[in-house]
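Enquirer: Here's my sequence, what's the structure:
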Amino acid sequence: MVVGNEIGRSYPITFMVVINPDGTVRDVEIMVYREPHGWEVRFEPFMSQFFGRNAKNPFNDINNITGATLSVRSMTRG
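Expert: Residues are numbered from 1 along each chain as shown. Predicted coordinates for the structure are as follows:
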């Protein structure tokens, strides 16, 4: 498990990533979301896009959420 912070629009988004022994993502959870907008990134349909990926996978195909562009970019970067 790794805990990280990425700046959203103005405030950090604190999240946790659980990694399988083979290096793929098992789970992603947002622990603290401080922004007033873009909270939709906390939901399973968005987070499940990361499952099974590893650091070598391109992340340019993560679907965006209208109104949460900066939060999506922050979580993808993280």
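Enquirer: Now do the strands in the protein.
Expert: Assigned by DSSP state E, the strands in the chain fall at 2-7, 12-19, 25-33.
Enquirer: Using JSON lines, lay out those together with mean pLDDT and distance to Arg42.
Expert: (Glycine included, C-beta is placed from N, CA and C.) Formatted as JSON lines, the entries for the strands of the chain read as follows, by pLDDT from 0 to 100; distance: least, Cβ to Cβ, whole Å:
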{"stretch": "strand 2-7", "mean pLDDT": "95", "distance to Arg42": "14"}
{"stretch": "strand 12-19", "mean pLDDT": "95", "distance to Arg42": "9"}
{"stretch": "strand 25-33", "mean pLDDT": "95", "distance to Arg42": "5"}
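Enquirer: now for the ones you listed, which one comes closest to Arg53?
Expert: Checking these against Arg53 by Cβ to Cβ gives strand 25-33 as the closest, at 5.3 Å.
Enquirer: Distance from that closest one to the middle of the chain?
Expert: Per Cα atoms, centre = their mean, to the nearest Å, the displacement of strand 25-33 from the mean C-alpha position of its chain is 7 Å.
Enquirer: For that strand, which strands pair with it and how are they oriented?
Expert: Paired neighbours of strand 25-33 in the sheet (DSSP bridges): strand 12-19 (antiparallel).
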